[in-house]
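*Asks:* Based on what follows, work out the 3D shape:
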Amino acid sequence: MNLKQRFSFIFSCLFSIVLATVTFTVYNLFSHFRQDEFTARLAEKAETTAKLLIQVKEVDYNMQKIIDRNTINDLYNEKTQVYDGNKKLIYNSSDTAKFYWSAAELETIKVKHRVFEKRGHEVLLGLYNVIDNKAYYVVISAEDSFDKNLNYLRFLLLGAFLIGTIIVWVLSFSLSKKALKPLDNFSKKIQGITDGNLKVRLSQTDEEDEMNTLAHSFNQMMDRINNAYNRQREFTNNASHELRTPLARISAQIENLSRKKRLDSATKANLKNIFQDTFQLSEVISSLLAIADINSREHRLSFASLRLDEVVFSSAAVLSGMYPDFRLKFEIENNTAEETDLEIAGDETLLKIAITNLFKNAYIYSDNRVAECIIIQHDKQIKLIITNSGETPDVKDTATLFTAFYRGSNIGNVEGSGIGLGIVKRIIEYHNATIAYSIVDDNTSQIIIVFMS
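*Replies:* Have a look, this model is predicted:
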């Protein structure tokens, strides 16, 4: 659950809880109010009936019934009974009344002075009064017709709760999505930031809100990162260039010394080792320059249309100059209905560095000094497969072979820095291509590069 969904969910839940609480409170308060009001009406009617019977001499049993039937504020299905102090029934408003209060129940009324009881829709109220020094018990019952209003109110509040909850949930998710839309834009821009593209900045406005503050802080951070990255890149470039010149002079001087005839075999061996170490150091520096070159190129402006087979031949020629016994078996396979063009978009210099490194690895770690190369063209991609026979590394090493300065278990006595394949991967990924290593069998290794055509 992302931030927008979590915010909307929490807000909607809180609103639903508050609305449910308010709805329940309103219903409960109104229910108690209706009950108190109805009880007050019953008490008023009971007291009025008792006073008329006892205090007004002109009102007898029959007249009281007539008064009850013609009362304006009549209670629905009302039944009134009046008992004297001896608990004898002296008035009954309904001849069909099916209930009579026992002496024990009347005694309870006397103790409590007021007894309220609800049986379904019928409400019963018992009162104990002393009028003109005479005790009387008045028991009245009626059906609360306003219960129907409570049912209506219950459904009305429930409907209001459901509709309000649905509206708030929909609005909260839609409004939070709209309010936090700048975060989505920020996320998309941030995902576009790479080590070769550190100039991405978030949009800022004149408003003083959290989004604008976040964008400003992020842009400041990117400025600091870009400046630090540029200083590191400049240092790498300057250091690499400064180191190449003295190394080239050292190599030339060593080569001149090794050609002298009066040197003994031990001295020549030492000079050869020094030359190889110097050459290896030169390769490391060239690799660092290649990495800096990749990092300094933005938006692949240097890409041009290249024939992959020509790049392969150029790389093989470079390696043949370094290792005269290197041999290349080359093949082209066309799996399309059109004529083979083998064209890709790329940087020729960088691709030569990558393929030369791969040929060099195939040569060094082979048992026959032969590298097999096949180019397979498909409709939307071109595969470059380099295969060599020789001791293969452990399977556990295959996942980290393209990590800089990592060397496989099959290196033996082969000198190297372990940076070559790391650079190759950087160059291949820079060209939006993929590279993978696989072990064909116990004595065969294979590199597969896939270019999108």
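*Asks:* Just the pLDDT for the closest residue to His431 other than its chain neighbours.
*Replies:* Once flanking residues are discounted, His431 sits nearest to Gly346: 4.9 Å by CB to CB, 6 or more residues apart in numbering. Using the backbone N, CA and C atoms, a C-beta is placed for each residue, glycine as well. At Gly346, the model reports a pLDDT of 87.
*Asks:* for Gly346, what are its contacts?
*Replies:* Residues counted as contacts of Gly346 (CB atoms under 8 Å, 6 or more residues apart in numbering) are Phe303, Ala304, Leu306, Val311, His431, Phe451.
*Asks:* Tell me which helix or strand Phe275 sits in.
*Replies:* Assessed by DSSP states H and E, Phe275 sits inside helix 265-296.
*Asks:* Beyond that helix, next helix or strand please.
*Replies:* Downstream of helix 265-296 (by DSSP H and E), the next one is strand 304-307.
*Asks:* and the following helix or strand past that next one, what does it pack onto?
*Replies:* Sequence-wise, the next helix or strand downstream of strand 304-307 (DSSP H and E) is helix 308-322. The helices and strands touching helix 308-322, judged by 3 or more CB pairs under 8 Å, 6 or more residues apart in numbering; DSSP states H and E, are strand 327-334, strand 343-346, helix 348-364, strand 370-377, strand 381-389.
*Asks:* starting at the chain centroid, how far to the shortest one?
*Replies:* Taking CA atoms, centre = their mean, to the nearest Å, one finds strand 343-346 lying 37 Å from the centre of the chain it belongs to.
*Asks:* partner strands of it, parallel or antiparallel?
*Replies:* strand 304-307 (antiparallel) (DSSP bridges).
*Asks:* Tell me which of the helices and strands packed on helix 308-322 lies nearest to Glu207.
*Replies:* strand 343-346 (42.4 Å; CB to CB).
*Asks:* Look through the protein and tell me its longest helix.
*Replies:* helix 3-55 (DSSP state H).
*Asks:* and that one, what does it pack onto?
*Replies:* Taking 3+ CB pairs under 8 Å, 6+ apart as the contact cut, helix 3-55 packs with helix 61-69, strand 79-84, strand 89-92, strand 122-131, strand 134-143, helix 147-179.
*Asks:* Let me know the angle separating it from strand 134-143.
*Replies:* If you take axes from the mean of the first three to the mean of the last three CA atoms, to 10 degrees, helix 3-55 sits at 140 degrees to strand 134-143.
*Asks:* what pLDDT, on average, does helix 3-55 get?
*Replies:* 78.
*Asks:* so how far is it off the chain centroid?
*Replies:* For helix 3-55, the distance to the chain centre is 44 Å (CA atoms, centre = their mean).
*Asks:* returning to what we had before: need the contacts of Gly346 in CSV with pLDDT, can you?
*Replies:* What follows is those, written out as CSV (pLDDT from 0 to 100):
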residue, pLDDT
Phe303, 79
Ala304, 85
Leu306, 90
Val311, 93
His431, 86
Phe451, 92
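*Asks:* farthest pair in the residues you listed?
*Replies:* Ala304 and Phe451 (14.0 Å).
*Asks:* So which of these two has more stuff around it?
*Replies:* Shown here are Ala304 and Phe451; by other CB atoms under 10 Å, Phe451 has more neighbours (23 against 9).
*Asks:* name the element that one belongs to?
*Replies:* strand 444-452.
*Asks:* count of neighbours near Thr108?
*Replies:* Neighbours of Thr108 using other CB under 10 Å come to 14.
*Asks:* show me what contacts it?
*Replies:* Val115, Gly126.
*Asks:* Distance of it relative to Val130?
*Replies:* 17 Å (CB to CB, to the nearest Å).
*Asks:* Which segments of the chain make up each domain?
*Replies:* Using automatic domain parsing, the domains assigned to the chain come out as 3-150, 210-291, 300-452.
*Asks:* Including distance to Gly159, could those domains go into CSV?
*Replies:* As requested, those are exported to CSV (distance: least, CB to CB, whole Å):
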stretch, distance to Gly159
domain 3-150, 10
domain 210-291, 38
domain 300-452, 58
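*Asks:* for those, which one ends up most surrounded?
*Replies:* Ranked by average neighbour count under the criterion mean count of other CB atoms under 10 Å, the domains of the chain are headed by domain 300-452 at a mean of 16.
*Asks:* now that one, how far from the centre of its chain.
*Replies:* Distance, centroid of domain 300-452 to centroid of chain: 39 Å (CA atoms, centre = their mean).
*Asks:* do stretch 242-261 as well
*Replies:* The answer for stretch 242-261 is 59 Å, by CA atoms, centre = their mean.
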